[in-house]
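**Q** Here you go, sequence then predicted model.
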Amino acid sequence: MSGAAPAPDTTTPADEGPASFGRLLRSHRTSLGATQRLLAARSTVSVRAIRDLEHGRVDRPRRDTVRLIAAGLGLSGQARADFERAAERSATADGTSAPVAHRLFRP
């Protein structure tokens, strides 16, 4: 089926969570051709925070952190909305919503 429209989002609650958000983050970063260090510089978020998000070590990414990373990735429109929604799903997958703090990179 060449030229077919992309498949609709078929994630289930079991697919949602920190690991799936981390995979999405890494996918965006690698498709941009950016290293974690470059994304950290572009987003002002620490390399450690990006690495922890990508590896699913952070249960509830802060909304500000997600927005900074989305800007660093150059996401806009639907791609940005989907990215932010995935972060929200990871935050609510375990039924809680308390944020986890990340130190921002300050040049």
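**A** Ah, there it is. Numbers count the residues shown, from 1 in each chain.

**Q** Can you tell me the closest non-neighbouring residue to His34?
**A** For the record, residue 34 is Ala, not His. The shortest distance from Ala34 to any non-neighbouring residue, by CB to CB, 6 or more residues apart in numbering, is to Arg42 (7.2 Å). Where C-beta positions appear, they are placed from N, C-alpha and C, glycine not excepted.

**Q** Please confirm that that neighbour is located within a helix.
**A** Yes: counting by DSSP: H, G, I helix; E, B strand; the rest coil, Arg42 falls inside a helix.

**Q** Tell me, how many residues neighbour it?
**A** 17 (other CB atoms under 10 Å).

**Q** Same question for the one 3 residues further on.
**A** The number of residues packed around Val45, counting by other CB under 10 Å, is 27.

**Q** Would you mind giving the secondary structure of the nearest residue to it once chain neighbours are set aside?
**A** What sits nearest to Val45 in space, not counting adjacent residues and going by CB to CB, 6+ apart, is Leu68, at 5.2 Å. At Leu68 the chain is in helix, as set by three-state DSSP.

**Q** Check what pLDDT Leu68 gets.
**A** We have a pLDDT of 98 for Leu68.

**Q** That one - how many residues pack around it?
**A** Neighbourhood size, Leu68 [other CB under 10 Å]: 20.

**Q** From what I see, it and Arg42 are in contact.
**A** No: in this structure, Leu68 is not within contact of Arg42 by CB atoms under 8 Å, at 9.2 Å.

**Q** any residues in contact with both of the two?
**A** Residues touching both Leu68 and Arg42 (CB atoms under 8 Å, 6 or more residues apart in numbering): there are none.

**Q** hey, C-alpha coordinates of stretch 65-85 in CSV?
**A** Taking C-alpha atoms only, stretch 65-85 is exported to CSV below (Å, rounded to 0.1, in the frame of the first residue of the first chain):
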residue,chain,number,x,y,z
THR,A,65,10.4,20.9,30.3
VAL,A,66,8.3,19.2,27.6
ARG,A,67,7.6,22.6,26.0
LEU,A,68,11.3,23.6,26.0
ILE,A,69,12.2,20.3,24.4
ALA,A,70,9.5,20.6,21.8
ALA,A,71,10.8,24.1,20.9
GLY,A,72,14.4,22.7,20.7
LEU,A,73,13.2,20.0,18.4
GLY,A,74,11.5,22.6,16.2
LEU,A,75,8.1,21.0,16.6
SER,A,76,5.0,22.9,15.7
GLY,A,77,1.4,22.4,14.9
GLN,A,78,0.0,18.9,15.2
ALA,A,79,3.5,17.3,15.8
ARG,A,80,4.0,19.6,18.8
ALA,A,81,0.4,18.9,20.1
ASP,A,82,1.0,15.1,19.7
PHE,A,83,4.3,15.4,21.5
GLU,A,84,2.8,17.3,24.5
ARG,A,85,-0.1,14.9,24.6
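
**Q** Many thanks, we can stop here.
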